[in-house]
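> Next comes the sequence, and after it the predicted model I'd like to discuss.
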Amino acid sequence: MGKHTFWRALLGVVMLAAVSTGAATVAAKDAAGESPLVDDNGNAAPQTEPAPLRNVFDKVKTRFNSKAGPLVDKDADLVFDDDARKLIVKNDQKPLEVGYGDIQRVVFDVSRHMRGGGLGDFIGAGSGVVNIMLQHALQNRAVQDYWCFIQYKSADGSIQPYMLEIDKASSQDAIGKMQAVLGDKVEIAEFAEQAEAIDRKTLPDVKSKHKLRVASTHPPVPAIRPDKALLVVVCPRLAARKGGGIQNKLHANDHVVAVNTMGTYGFAYLDPGEYLLATESRGGASGFRMRLEAGEDYYFLQNAVNAATTSLSRQTKELVMYELSGSFFADWQRKAGSGDDETDEDSVQAAFGTEGVDANGNVVSASAGSANPCGAVEIDFSVKTDKGQHPIAKSQPGKAIVYVLRKPGMTGALVQTKLAMDGAWMGANQRNGYFFFAAEPGAHSFCSVVKAGSSILQIELEPDKTYYLEQKIQLSTKEPTVLTQLSEGEGLRLLGKNHYSVIEEKK
């Protein structure tokens, strides 16, 4: 072998060993899940970076209270500014700019729900056709967007809510980005209950009829009872549609326990146990079976499919309470003799478990946390003002005294204004009248009622203090009565001018 041949052979062996070693290194790194530093030829290989997370989402809507009160949806852009560490929502009406560190919680509600529009062409069709279409919608159009509830600390230190709707196609990217920048502040909620179409004729209480009055104010959600399950149900408005319309009834086994129309909400207490929960209206019914536990609270939406049909969905407390903030209270009563010849008292007590009326229809002492603050049943009073007496409440140790007054005046002079506390009627006034009662300290809901509407006021009563409430009558179809709290000076001045209301319950 010549000298040059020898060195060329030796160089070949060295190069072959190097290539073999490099290939083995690449294989080892591939097996370990690492990126190789060289390619198959022993050259430096470009490093593969993980795909960057999206920072801008344009198929987003922000949902907020309009000046008129109801919630509205507006297009927005969701932007994550990682350099400034800020979450930004670009929208003319409801913009948001908040630092990542000021975001307290983010809740994604990915339960199946509907936001309307799917059956608009079938309004007025027979219930069988609509029910078939409802089932089709539930199966194929169940998720149209994902709710994103954001709780953040504002500049003044207060905790504020913000709601976004993110389209399904972008939702996983948005959830991933939220988790990347906020970590365990992000919660993802999904419930097992899925609505199915139900033949409304199979519901035992389908023939019952109800009166529904939309209150102009917002009573708080009642307290959780250790022996009952609390249900909170909201019927949001369809986009670009006024509230009101047909009744949407919530059935629990063999009773209607809540009645809404678009833009209203209600509550119900139920005994623990297994239930078929169904929302029903003239366009059809849908629902699911679930077990309710004592001492627990449950939150639902009656989602409008069109003006005549709703579907039922279980949702997070955050979502439902946000929707509740833009809705009005549904003050409903069962019409006597409807359905299975139950009385108003039986039906309402089965549905709400209220303590405002006993089995004979008599008013009993009020209790805080009643589900319907405006009274469980319709009770009528005869009211006369007695100019010959002017009684004053005697103090009762540990209790609060509440005066209820009406100003003199011709506006609504013949209109009677009743007042309930926590679901029990306490009395009634006509113009220039007043009455009073003692109450236990604590949080209470007061409801002033006329035939055309109602007004609700929440007050935390303190022991051994006196409170003055004024029932105002207005020439307004939206707010025919307004209940307000007066200062002590205002209350005493009005009390000095008024006459005592002598009240008798009509039998």
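Good, I have the coordinates.
> So what are the structural domains in the chain, by residue number?
22-49, 56-189, 196-352, 381-505 (automatic domain parsing).
> Those: which one's closest to P373?
Smallest distance to P373 across the domains of the chain (CB to CB): 3.6 Å, for domain 381-505. (Glycine included, C-beta is placed from N, CA and C.)
> tell me how far the ends of that closest one are from each other?
Start-to-end span of domain 381-505 (CA to CA, to the nearest Å) is 4 Å.
> what about that domain, average pLDDT?
Over the span of domain 381-505, the pLDDT mean works out to 86.
> Adjust the sequence numbering to begin at 744 for everything that follows.
Fine by me, first position is 744 from now on; the one you just mentioned is domain 1124-1248.
> count of neighbours near the closest residue to K1142 other than its chain neighbours?
Closest residue to K1142 apart from its sequence neighbours, by CB to CB, 6 or more residues apart in numbering: A1181 at 4.6 Å. Applying other CB atoms under 10 Å, we find 13 residues neighbouring A1181.
> Write down the beta-bridge partners of A1181, one by one.
Judged by DSSP bridges, the bridge partners of A1181 are I1144.
> cool, and V841?
Here V841, judged by DSSP bridges, has bridge partners L830.
> Ramachandran angles for P1140?
Dihedral pair for P1140: phi -50, psi 130, per degrees, to the nearest 10.
> Not counting sequence-adjacent ones, nearest residue to it?
Using CB to CB, 6+ apart and skipping residues adjacent in sequence, the residue nearest P1140 is D1207, 6.9 Å away.
> Please identify the helix or strand for the one you found.
For D1207, there is no enclosing helix or strand under DSSP states H and E.
> What residues does it make contact with?
S1138, P1140, G1141, K1142, A1143 (CB atoms under 8 Å, 6 or more residues apart in numbering).
> which one of these is nearest R806?
Checking the contacts of D1207 one by one against R806 (CB to CB), the nearest turns out to be A1143, at 38.8 Å.
> neighbours around the closest residue to the closest one other than its chain neighbours, how many?
Spatial nearest neighbour of A1143, chain neighbours left out: L1204 (4.0 Å); criterion: CB to CB, 6+ apart. Here the number of neighbours of L1204 (other CB under 10 Å) works out to 19.
> Contacts only, for L1204.
For L1204, the contact set (CB under 8 Å, 6+ apart) comprises A1143, V1145, A1182, E1183, P1184, G1185, A1186, H1187, Y1210.
> Now a ChimeraX select for only the buried ones of those residues.
To isolate the buried ones among those in ChimeraX, judged by 16 or more other CB atoms under 10 Å, type:
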select :1143,1145,1182,1187,1210
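> before we move on, the earlier item: out of the domains of the chain, which is the most enclosed?
Comparing these by mean neighbour count (mean count of other CB atoms under 10 Å), domain 939-1095 ranks first with a mean of 20.
> pLDDT wise, what is H961 at?
Looking at H961, its pLDDT is 66.
> Please apply the same query to G1038.
At G1038, pLDDT is 94.
> And the pLDDT at the closest residue to it other than its chain neighbours?
In space, and not counting its chain neighbours, G1038 is closest to P969: 4.8 Å by CB to CB, 6+ apart. Predicted confidence (pLDDT) for P969: 90.
> Look up phi and psi at P969.
phi -70, psi -20.
> Does it touch E1036 like I think?
No. Contact status for P969 versus E1036: not in contact, 10.9 Å apart, counting by CB atoms under 8 Å.
> K1142 versus the residue nearest to P1140, what's the distance?
To K1142, D1207 is 7 Å away according to CB to CB, to the nearest Å.
> Could you do V957 as well?
Counting by CB to CB, the separation of V957 from K1142 is 33 Å.
> cool, and K1240?
Taken as CB to CB, the span from K1240 to K1142 is 26 Å.
> do the same with L1044
Using CB to CB, L1044 is found at 40 Å from K1142.
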